[in-house]
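Visitor: got a predicted structure plus its sequence, pasted below:
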Amino acid sequence: MSLYVGNLSYDVEENDLKQVFVEYGTVNRVQIPTDRETGRKRGFAFVEMGAETEEDAAIEALDGAEWMGRSLKVNKAKPKEDRGSSSGRRGDSGGGYSRR
């Protein structure tokens with residue numbers, strides 16, 4: 001399981017986040033997603049910790065805490081949704097329902 005960390009400064013680096021979360025336990029991985037087109041950080045990250053108790057301690061301490069001038073949002077990350085091969089039903093002519 002991993003943690004979602006939102007409302008991050010665009011200046012944050014992986015090592016910055018690791019230093020904050022290591023106070024609550026073992027940090028296995030930090031991932032800061034970037035925009036595919038611009039390469040710019042997207043303002044959130046995922047942090048994987050060693051144990052669920054460590055994650056819970058980090059959530060309790062850091063959710064709502066101010067860091068780098070921003071109020072952090074920290075919670076359990078939700079599993080990534082499978083979006084399939086297309087992004088929605090655009091171009092679909094009626095969604096499979098007939099009009100009568």
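Guide: Looks like it came in fine.

Visitor: poorly predicted segments of the chain, please.
Guide: Scanning the chain for pLDDT under 70 picks out 82-100.

Visitor: go again with 80.
Guide: 1, 80-100 (pLDDT under 80).

Visitor: the longest helix in it is where?
Guide: Among the segments of the chain that qualify as a helix by DSSP state H, the longest is helix 52-62.

Visitor: pull the distance from the next helix or strand after it to the chain's centre.
Guide: Going down the chain from helix 52-62, the next helix or strand is strand 66-67, by DSSP states H and E. Chain-centre distance of strand 66-67: 17 Å, with CA atoms, centre = their mean, to the nearest Å.

Visitor: so what strands line up beside strand 66-67?
Guide: strand 70-71 (antiparallel) (DSSP bridges).

Visitor: run through who's touching the strand it pairs with.
Guide: With contacts defined as CB atoms under 8 Å, 6 or more residues apart in numbering, strand 70-71 is touched by 7-9, 64-65. Every C-beta, even on glycine, is put in place using the N, C-alpha and C of the backbone.

Visitor: where do the strands sit along the protein?
Guide: Counting by DSSP state E, the chain has strands at residues 2-6, 27-31, 44-49, 66-67, 70-71, 73-76.

Visitor: now the end-to-end length of stretch 35-42.
Guide: End-to-end distance of stretch 35-42 (CA to CA, to the nearest Å): 6 Å.

Visitor: and it, how far out from the chain's middle?
Guide: What separates the centre of stretch 35-42 from the centre of its chain is 14 Å, taken as CA atoms, centre = their mean.

Visitor: Ala51: what's it in contact with?
Guide: By CB under 8 Å, 6+ apart, the residues touching Ala51 are 25-26.

Visitor: how far away is it from Thr26?
Guide: Applying CB to CB, to the nearest Å, the value for Ala51 to Thr26 is 7 Å.
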